[in-house]
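Peer 1: Following is a predicted model, sequence given first.
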Amino acid sequence: MRFKKPANILEGAVRPAKSIGKEKRPLAAMICPQCKKPLSAEELQSNLQVCPYCRYHFRIPARYRLAQICDSGTFCEKDAGLTAKDILAFPGYRQKLAAARETSCEEEAVICGLCEIGGRKTAIFAMEPEFMMGSMGSVVGEKITRLFELASAQRLPVIGFTVSGGARMQEGILSLMQMAKTSGAVQEHSAGGNLYLCVLTDPTTGGVTASFAMEADILIAEPRALIGFAGPRVIEQTTRKKLPEGFQRAELVLEKGFLDDIVDRRRQKVYISELLRLHAREVQA
Ligand SMILES: [Zn+2]
């Protein structure tokens, strides 16, 4: 599927891609919100920001996640220079973008690139929770689409990590159309016989769930991740029914057959490497 478009107005000044693994934002000591135990920064770091007592998975920045998954020194960022524009002159959007850039130290809500995982070349994207809760605007949709197109051309698998509140309302219909655009690119990648594995992290909701997040060949989630379209409060108000315990949590989503597995963050690198190895053997055969 090809979408014709006029000259690309998303192309901003090209900024040098940042490295991964050298975090500008140091991760601090925390109280675990689930078991209430105090956790030191070192303890959290050695457990990849997972509580060693109750397995609570803390939200982590996209670059931190990439550093955990990509083989050291192999990540090469793509389209780092694409930045959002306030096309609709939506009240307060410019300020929100500026604040999001400040807190996240990122230009947009997704980071895309090529890397190696377990020695195998792959395309990868990770969404950034500190950038407007990973909301999908035109730039997020464009970067994801370009990554799938690049992966299709080079016959590479795509590994994705989603975290998102959904479509970015400040971009109106332009953000909603990213659902169709990304889905078209995922479909083309799939039609070429290429693998797409997506890891749904807390929370993955709205337009991202309704498009590329759930379209993967292999769908895994982090423990207790919230996965859904509309949030529980909206559903309760609409249906006037009390929702069951664990509603929209990964464990229930798995039980209902929408996921293939739930994988602890500390096992993800080995798990994904193994799937890539098996898939590569399958392709050769
Ligand atoms: Zn805990």
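Peer 2: Nice, I can see it.
Peer 1: In terms of helices and strands, where is residue 112?
Peer 2: strand 110-117 (DSSP states H and E).
Peer 1: then that strand to CSV, C-alphas only?
Peer 2: The C-alpha trace of strand 110-117 is given here as CSV (Å, rounded to 0.1, in the frame of the first residue of the first chain):
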residue,chain,number,x,y,z
VAL,A,110,9.6,7.3,19.5
ILE,A,111,13.2,6.4,18.8
CYS,A,112,13.8,4.2,15.7
GLY,A,113,16.9,2.6,14.3
LEU,A,114,18.9,-0.4,13.2
CYS,A,115,20.9,-2.6,15.6
GLU,A,116,22.0,-6.1,16.3
ILE,A,117,20.4,-8.3,18.8
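Peer 1: contacting residues around that strand?
Peer 2: Strand 110-117 has contacts (C-beta atoms under 8 Å, 6 or more residues apart in numbering) with 17, 62-63, 66, 69-71, 74-80, 121-128, 134, 140, 143-144, 146-147, 150, 156, 159, 269, 272-273, 276. C-beta coordinates here come from the backbone N, C-alpha and C atoms, glycine included.
Peer 1: do stretch 265-278 as well
Peer 2: If you take C-beta under 8 Å, 6+ apart as the criterion, stretch 265-278 is touched by 47-50, 57, 68-69, 117-118, 120, 122, 157, 159, 195, 197, 199, 218, 220, 222, 263.
Peer 1: unless I'm mixing things up, residue 242 is touching residue 236, no?
Peer 2: Yes - between residue 242 and residue 236 there is a contact at 6.8 Å, judged by C-beta atoms under 8 Å.
Peer 1: The two: who's more crowded?
Peer 2: More crowded of residue 242 and residue 236, by other C-beta atoms under 10 Å: residue 236, with 13 against 8.
Peer 1: Now do the contacts for the more buried one.
Peer 2: Residue 236 touches 242-243, counting by C-beta under 8 Å, 6+ apart.
Peer 1: 6 Å instead, please
Peer 2: residue 243 (C-beta atoms under 6 Å, 6 or more residues apart in numbering).
Peer 1: Please confirm that it is located within a strand.
Peer 2: No - looking at residue 236 with DSSP: H, G, I helix; E, B strand; the rest coil, it is helix, so not inside a strand.
Peer 1: interface residues of the stretch 1-150 of the chain facing the ion?
Peer 2: 32, 34-35, 51, 53-54, 56 (C-beta under 5 Å from the ion).
Peer 1: Just give me how far stretch 197-206 sits from the chain centre.
Peer 2: 6 Å (C-alpha atoms, centre = their mean, to the nearest Å).
Peer 1: what comes up buried for that stretch?
Peer 2: 197-206 (16 or more other C-beta atoms under 10 Å).
Peer 1: Once you drop chain neighbours, what's closest to the residue of the stretch 101-250 of the chain found nearest the ion?
Peer 2: Residue of the stretch 101-250 of the chain nearest the ion, by C-beta to the ion: residue 224 (11.1 Å). Closest residue to residue 224 apart from its sequence neighbours, by C-beta to C-beta, 6 or more residues apart in numbering: residue 249 at 5.6 Å.
Peer 1: Could you report the neighbour count for the one you found?
Peer 2: Other residues close to residue 249 by other C-beta under 10 Å number 19.
Peer 1: hang on, isn't residue 168 packed against residue 134?
Peer 2: No - with contact defined as C-beta atoms under 6 Å, residue 168 does not count as touching residue 134 (9.6 Å).
Peer 1: Much appreciated, bye for now.
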